[in-house]
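Colleague: Got a predicted structure plus its sequence, pasted below:
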Amino acid sequence: MFIIQPQLFQALTIRNVTLKNRIVMSPMCMYSCFEQDGKVTPWHLTHYTSRAVGQTGLIMTEAAAVNPQGRISPEDLGIWDDSHVEGLKELVSSVHDNGSKIAIQLAHAGRKAMIDGPIIAPSAIAFSDKMKKPEEMTLKQIEETVVDFRAAAKRAKAAGFDIIEIHGAHGYLINEFLSPLSNRRTDSYGGNQQKRYRFLQEIIASIRLEWDGPLFVRISANDYHPEGNTPEEYVTYASWMREDGVDLIDCSSGAVVPAKINAYPGYQVPFADLIKNKAEMATGAVGLITTGRQAEEILQNNRADLIFIGREFLKDPYWPRTAANDLGTDIQSPRQYERGW
């Protein structure tokens with residue numbers, strides 16, 4: 001009898017990269033660069049490679065800062081210097097050797113950077129009364145940051161990554177430019193939706209000068225604030241990103257301002273669904289997706305193209321096997337584990 005493989009375990013090609021299944025390990029900060037130099041450590045090699053052994057289709061690294069000022073914390077991974085490439089190349093090779101593709105998330109924390117010294121943002125507005133007030137970026141600083149993203153993309157290519165994701169979510173710098181809650185500028189980078197998009201647009205264009213592979217953008221599709229961005233506004237942003245050369249929108253939400261979020265299993269999936277079907281854009285669904293059946297429902301109903309798994313991967317490096325068991329199917333095992341799988 002012919003059995004159709006669950007869509008979760010079907011291959012997907014994006015530009016020139018084929019993923020063996022639709023499972024993505026979501027980017028999650030490890031805060032493990034204890035020398036505060038942004039370089040790959042043995043922890044990173046173990047952490048990411050183990051998920052490749054577990055048969056994940058795409059593994060995405062934590063946010064890698066494009067300059068030291070843009071780190072979320074001093075222990076963050078970095079890609080602001082050529083000295084970072086060697087360790088990243090070793091990480092890429094280890095993941096590839098175990099059968100998975102690997103992406104890097106390029107990031108700048110903006111006003112949410114928890115580092116010594118000044119921090120920057122589109123406007124001089126602190127995230128909360130408990131956090132440092134940023135300096136409003138000058139036009140020169142904006143231009144320099146765009147150049148930093150381009151240089152980071154060049155290093156990512158040298159390291160051998162398969163996919164680049166731009167971090168435009170969770171209240172970090174790009175998200176700060178996109179949201180009217182954090183961007184009060186009156187120049188060419190603020191004042192209306194098109195101008196707020198300009199910073200991200202320039203970053204996309206600069207990366208495309210160095211990178212012809214798949215390009216993702218993670219967004220916060222809802223600000224959860226009456227004066228903030230809504231999912232419908234992100235349909236417009238997604239349409240512009242598609243025209244500018246982005247291949248997939250990774251649909252998260254929140255964190256540009258403090259907000260109460262009613263989180264429940266699959267609570268962010270409607271954002272991926274809306275953008276996929278209204279902006280005609282490939283999307284990734286993320287947010288308390290815990291089981292194979294839940295993931296398969298999303299794919300079968302054309303609500304997203306990829307499934308991003310976060311916290312479940314922290315608990316279970318072999319989540320793809322767990323999901324396969326849930327769906328009553330079998331997947332390839334590492335040769336060394338065949339007796340147990």
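Modeller: Here it is on my side, so go on. Residues are numbered from 1 along each chain as shown.

Colleague: ok, Asp82 - contacts?
Modeller: Arg155 (C-beta atoms under 8 Å, 6 or more residues apart in numbering). Any C-beta I mention is one placed from the backbone N, CA and C, and that applies to glycine too.

Colleague: what's the first-to-last distance across stretch 282-290?
Modeller: Using C-alpha to C-alpha, to the nearest Å, one end of stretch 282-290 lies 21 Å from the other.

Colleague: meant to ask about stretch 176-189
Modeller: 11 Å.

Colleague: In it, which of the residues would be classed as buried?
Modeller: For stretch 176-189, a neighbour-count test (16 or more other C-beta atoms under 10 Å) marks 176-183, 185, 189 as buried.

Colleague: could you pull out the helices for the stretch 201-341 of the chain?
Modeller: 231-243, 269-278, 292-300, 311-315, 319-327 (DSSP state H, counting those that start in this stretch).

Colleague: for the stretch 1-150 of the chain, same thing?
Modeller: 42-53, 85-97, 139-159.

Colleague: how about those in a markdown table, adding mean pLDDT, distance to Pro226 and mean neighbour count?
Modeller: A markdown table is the format used below for the helices of the stretch 1-150 of the chain (pLDDT from 0 to 100; distance: least, C-beta to C-beta, whole Å; neighbours: other C-beta atoms under 10 Å):
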| stretch | mean pLDDT | distance to Pro226 | mean neighbour count |
| --- | --- | --- | --- |
| helix 42-53 | 97 | 39 | 18 |
| helix 85-97 | 98 | 42 | 19 |
| helix 139-159 | 98 | 28 | 19 |
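
Colleague: which stretches of this protein have low pLDDT?
Modeller: 1-3 (pLDDT under 70).

Colleague: which stretches of it form strands?
Modeller: 12-14, 17-19, 23-25, 58-65, 77-78, 101-107, 120-121, 135-136, 163-168, 215-220, 248-252, 283-286, 306-309 (DSSP state E).

Colleague: okay, the ones you listed in JSON lines with mean neighbour count next?
Modeller: Shown next, in JSON lines, are these (neighbours: other C-beta atoms under 10 Å):
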{"stretch": "strand 12-14", "mean neighbour count": "16"}
{"stretch": "strand 17-19", "mean neighbour count": "16"}
{"stretch": "strand 23-25", "mean neighbour count": "28"}
{"stretch": "strand 58-65", "mean neighbour count": "27"}
{"stretch": "strand 77-78", "mean neighbour count": "28"}
{"stretch": "strand 101-107", "mean neighbour count": "26"}
{"stretch": "strand 120-121", "mean neighbour count": "24"}
{"stretch": "strand 135-136", "mean neighbour count": "14"}
{"stretch": "strand 163-168", "mean neighbour count": "26"}
{"stretch": "strand 215-220", "mean neighbour count": "26"}
{"stretch": "strand 248-252", "mean neighbour count": "29"}
{"stretch": "strand 283-286", "mean neighbour count": "27"}
{"stretch": "strand 306-309", "mean neighbour count": "26"}
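
Colleague: could you dump those to TSV with distance to Pro320?
Modeller: Formatted as TSV, these follow (distance: least, C-beta to C-beta, whole Å):
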stretch	distance to Pro320
strand 12-14	14
strand 17-19	12
strand 23-25	5
strand 58-65	11
strand 77-78	24
strand 101-107	13
strand 120-121	39
strand 135-136	44
strand 163-168	18
strand 215-220	20
strand 248-252	19
strand 283-286	16
strand 306-309	9
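
Colleague: Indicate which one of those strands is closest to Val235.
Modeller: For Val235, the closest of the strands of the chain is strand 248-252, at 9.9 Å, according to C-beta to C-beta.

Colleague: what's the closest one in contact with?
Modeller: Contacts of strand 248-252 (C-beta under 8 Å, 6+ apart): 14, 165, 169-170, 214, 216-221, 238, 241, 268, 271-272, 275, 279, 281-287, 304-306, 308.
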